[in-house]
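>>> next comes the sequence, and after it the predicted model I'd like to discuss.
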2 protein chains.
Amino acid sequence: MAEVRNKRVVLRNAPSGPLKESDFEIVVGSSKLEVGEGSGAVLLKNLYLSCDPYQLSLLTTPGSAVPGLGVGKVVSSSHPGFQKGDLVWGMTSWEEYSLIADPQSLIKIEHVDMPLSFYTGLLGMPGLTAYAGFFQVGSPKKGETVYISAASGAVGQLVGQLAKLHGCYVVGSAGSREKVDLLKEKFGFDDAFNYKEEPDLDAALKRCLPNGIDIYFENVGGRMLDAVLPNMNLRGRIAVCGLISQYILDRPEGICNLMYLVRSRIRMEGFVWADYYDLYPKFLETVIPHIKEGKIVYVEDYAEGLESGPVALIGLFHGRNVGKQVVVVSRE
Amino acid sequence: MAEVRNKRVVLRNAPSGPLKESDFEIVVGSSKLEVGEGSGAVLLKNLYLSCDPYQLSLLTTPGSAVPGLGVGKVVSSSHPGFQKGDLVWGMTSWEEYSLIADPQSLIKIEHVDMPLSFYTGLLGMPGLTAYAGFFQVGSPKKGETVYISAASGAVGQLVGQLAKLHGCYVVGSAGSREKVDLLKEKFGFDDAFNYKEEPDLDAALKRCLPNGIDIYFENVGGRMLDAVLPNMNLRGRIAVCGLISQYILDRPEGICNLMYLVRSRIRMEGFVWADYYDLYPKFLETVIPHIKEGKIVYVEDYAEGLESGPVALIGLFHGRNVGKQVVVVSRE
């Protein structure tokens, strides 16, 4: 049976404190190119790997390859649902080849005319997160105001474009001038600001959203959330997707303005994409035509080669990525 | 035109820091016993006045009588909707007689066979707050677990009894052994604890609610909320009625555990009774038969005489009341 080299990004130790490069190491092994008959398994050649904040919670098993979502090509299958050559996305590992023992959760890619890397972002988990969070949790109405933090990220850039297509007034924040320019010029946000250049977040929100906020798509938490709460309109909704500013702190910052939940009758709701998985076909049906017509665009930040994975993942927590952070293992 | 003495509780100065007795003074004036023809006004004799935490936000106008909800009897009316002798509840002032210039918002009491003081509590604003918060915001299902803070208060005691009648497992907390006994023995809670005697709130919650919390009826905020969040079950609901522990602090305590909103897909929603006012007739239809059958009981804490109002109101913020705090101005 043919064997190939299989490079892997392995967790050296369970991280304590902020993630650092030394928490990872590159290990070169080998992999058989065929799965055992009757095993029900699938062997994937990983093409694109996704860097996502939630992965931090998965980095618990030293010695194993980093788990994460990715796009791959089936090299060998003993599962009736998959054939050699199929393109799929789903949970895989940070290595060149992954044996997926239980491939049930892999999703076959039907629309292969889209850039395959999109299935780590725009057409994958972040895309469905944006769609479900905005429409299901946010309950938007035409003409409402929408504010998005981490707005140029994997999820935020799509939320903003969906909100514009829905007839909302859309404002985003991000952590550099380059990202703010993207929001205004590429993604069509009505306004945007660089939170790092605003000494007073409340003043920045009042300047960009003088009529208040109907929907806040929350990606960051911390002092941004405290600044948003008093600026929420009556019966506003906060869709809590993540709190990335807090993940690398030893102790989260305290939120002091929750009395506005009562004062303004705010609904604040956490969600994860998996709860809305049944919407995935409808999501693709909605978004793919917009992509083809150029009404939805997407910015990706490629890290070339498996070896670049750790730095790319760490960079997420410091806002170093511009757009969706992807690790390119192989382009075919 | 006949005149009577009219004693009033007047705000001496806008309070800074925690409320104190010296913020109020008793002023004796007089009042005409008839309203002008064609004025559309109503003259009320105030019978029972309600002490409620939200009143803190209304104490802004030195020299005026303290505003608040109360039960009164119409002494004179030039409004077609009200007649001399009608019993009503609604916004009035802390004085013996109140001229209500715009009586539209007064609610005529139809069920006069109930104790009149109940219209400051069980059958008034706190009652509808409990009903709407539990059923509309909490979305309870039979068999779910419900946790209520400030559970022996004006709202909490009814929430617990409604939850029991709905088939839920109900736990409450309060700030004294006497109150905890009330919860377990009078209101039929399944379990209860005195938060002041628990060095570790998380441990107390895990002890009383080993299967986690499906619905948290939030009355207090602060460190209790931080202890509750990790104990919430998947898709739990937090109905935010008030955050009384925070109202007398210069700066609210920070809430650090909001990441559980995402992890457990929690919905947290602030509400006020006025948004559910259309449910009031249905609420009365539901609750009054239960009261008559003894399935719902209610504990009130009477402060006798208008002069006792300031101390009673201040006591709310220190948990001195046992049950609904009422100021009795006159029993007829």
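Noted; the coordinates are in hand.
>>> can you identify each of the strands in the stretch 101-250 of chain A by residue range?
A:107-108, A:145-148, A:169-174, A:191-194, A:213-218, A:232-240 (DSSP state E, counting those that start in this stretch).
>>> export those strands to a markdown table and append columns for mean neighbour count and distance to chain B.
C-beta here means a position set from N, CA and C on the backbone, and glycine is covered the same way. A markdown table is the format used below for the strands of the stretch 101-250 of chain A (neighbours: other C-beta atoms under 10 Å in any protein chain shown; distance: least, C-beta to the nearest C-beta, whole Å):
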| stretch | mean neighbour count | distance to chain B |
| --- | --- | --- |
| strand A:107-108 | 14 | 22 |
| strand A:145-148 | 28 | 16 |
| strand A:169-174 | 26 | 19 |
| strand A:191-194 | 19 | 23 |
| strand A:213-218 | 26 | 9 |
| strand A:232-240 | 22 | 5 |
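>>> want to throw those strands into TSV with distance to residue B:62?
What follows is the strands of the stretch 101-250 of chain A, written out as TSV (distance: least, C-beta to C-beta, whole Å):
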stretch	distance to residue B:62
strand A:107-108	66
strand A:145-148	37
strand A:169-174	40
strand A:191-194	41
strand A:213-218	34
strand A:232-240	29
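>>> need those in JSON lines (columns: mean pLDDT).
Formatted as JSON lines, those follow (pLDDT from 0 to 100):
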{"stretch": "strand A:107-108", "mean pLDDT": "97"}
{"stretch": "strand A:145-148", "mean pLDDT": "98"}
{"stretch": "strand A:169-174", "mean pLDDT": "98"}
{"stretch": "strand A:191-194", "mean pLDDT": "98"}
{"stretch": "strand A:213-218", "mean pLDDT": "98"}
{"stretch": "strand A:232-240", "mean pLDDT": "98"}
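>>> which residues touch residue A:314?
Residues near residue A:314 by C-beta atoms under 8 Å, 6 or more residues apart in numbering or on different chains: A:18-21.
>>> could you redo the last one with a cut-off of 10 Å?
When contacts are counted by C-beta atoms under 10 Å, 6 or more residues apart in numbering or on different chains, residue A:314 touches A:15, A:18-21, A:23-24, A:51, A:248, A:320.
>>> most neighbours, which of those?
The most crowded member of the contacts of residue A:314, judged by other C-beta atoms under 10 Å in any protein chain shown, is residue A:51 (27 neighbours).
>>> how many neighbours does the closest residue to chain B within the stretch 151-300 of chain A have?
Per C-beta to the nearest C-beta, the residue of the stretch 151-300 of chain A with the smallest distance to chain B is residue A:254, at 1.3 Å. Using other C-beta under 10 Å, residue A:254 is surrounded by 17 other residues.
>>> does the host helix or strand of residue A:282 come close to chain B?
Assessed by DSSP states H and E, residue A:282 sits inside helix A:280-292. No. Using C-beta under 10 Å from any C-beta of the partner chain, helix A:280-292 stays clear of chain B, coming no nearer than 17.7 Å.
>>> repeat that for stretch A:69-81.
No. Stretch A:69-81 lies out of reach of chain B by C-beta under 10 Å from any C-beta, never closer than 17.2 Å.
>>> CA atoms only: put that stretch into PDB for me.
The C-alpha trace of stretch A:69-81 is given here as PDB (Å, rounded to 0.1, in the frame of the first residue of the first chain):
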ATOM      1  CA  LEU A  69     -12.400  22.900  10.100                       C
ATOM      2  CA  GLY A  70     -11.000  22.600   6.600                       C
ATOM      3  CA  VAL A  71     -11.600  21.800   3.000                       C
ATOM      4  CA  GLY A  72     -10.200  18.500   1.600                       C
ATOM      5  CA  LYS A  73     -10.300  16.100  -1.300                       C
ATOM      6  CA  VAL A  74     -11.200  12.500  -0.700                       C
ATOM      7  CA  VAL A  75      -8.200  10.300  -1.600                       C
ATOM      8  CA  SER A  76      -9.700   7.000  -0.500                       C
ATOM      9  CA  SER A  77     -13.100   6.100   1.000                       C
ATOM     10  CA  SER A  78     -14.700   3.000   2.400                       C
ATOM     11  CA  HIS A  79     -17.900   5.000   3.300                       C
ATOM     12  CA  PRO A  80     -20.800   4.700   0.800                       C
ATOM     13  CA  GLY A  81     -21.500   8.400   1.000                       C
END
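>>> sheet partners, orientation included, of the very next helix or strand once past the helix holding residue A:282?
Using DSSP H and E, the helix or strand that follows helix A:280-292 in sequence is strand A:300-304. If you go by DSSP bridges, strand A:300-304 pairs up with strand A:324-328 (parallel).
>>> then the partner strand to PDB, C-alphas only?
Taking Å, rounded to 0.1, in the frame of the first residue of the first chain, the C-alpha atoms of strand A:324-328 are listed here in PDB:
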ATOM      1  CA  LYS A 324     -10.800  35.500   6.800                       C
ATOM      2  CA  GLN A 325      -7.600  33.700   7.900                       C
ATOM      3  CA  VAL A 326      -7.000  30.600   5.900                       C
ATOM      4  CA  VAL A 327      -4.000  28.300   5.900                       C
ATOM      5  CA  VAL A 328      -3.200  27.000   2.400                       C
END
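>>> end to end, how far does stretch A:241-251 reach?
End-to-end distance for stretch A:241-251, by C-alpha to C-alpha, to the nearest Å: 19 Å.
>>> can you give me the neighbour number for residue A:285?
Neighbour tally, residue A:285, other C-beta under 10 Å: 9.
>>> would you list every one of the helices in chain A?
Counting by DSSP state H, chain A has these helices, from start to end: A:125-132, A:156-165, A:177-181, A:201-208, A:223-228, A:259-263, A:280-292, A:309-316.
>>> and the last one, how far out from the chain's middle?
Right, the one you point to is helix A:309-316. 14 Å (C-alpha atoms, centre = their mean, to the nearest Å).
>>> which parts of it are buried?
A:309-310, A:312-316 (16 or more other C-beta atoms under 10 Å in any protein chain shown).
>>> how about the residues of the stretch 51-200 of chain A near chain B?
Going by C-beta under 10 Å from any C-beta, the residues of the stretch 51-200 of chain A near chain B are A:54, A:57, A:137.
>>> what is the burial count for the first one?
By other C-beta under 10 Å, the residues close to residue A:54 number 15.
>>> now do it against residue B:75, distance only.
65 Å (C-beta to C-beta, to the nearest Å).
>>> again, but for the second one
In this structure, residue A:57 and residue B:75 are 66 Å apart, going by C-beta to C-beta.
>>> more crowded one of the two?
residue B:75 (20 against 9).
>>> who is residue A:269 paired with across the strands?
Here residue A:269, judged by DSSP bridges, has bridge partners residue A:239, residue B:267.
>>> what's around it, how many residues?
Residue A:269: 23 neighbours (other C-beta under 10 Å).
>>> show me the contacts for the residue nearest to residue A:279 when sequence neighbours are not counted.
Using C-beta to C-beta, 6 or more residues apart in numbering or on different chains and skipping the chain neighbours, the partner closest in space to residue A:279 is residue A:132 (5.9 Å). For residue A:132, the contacting residues are A:138, A:239, A:241, A:271-280, A:283, by C-beta under 10 Å, 6+ apart.
>>> 7 Å instead, please
By C-beta atoms under 7 Å, 6 or more residues apart in numbering or on different chains, the residues touching residue A:132 are A:271, A:273, A:276, A:279.
>>> also residue A:177?
residue A:194.
>>> and it, what pLDDT?
You'll see residue A:177 listed with a pLDDT of 97.
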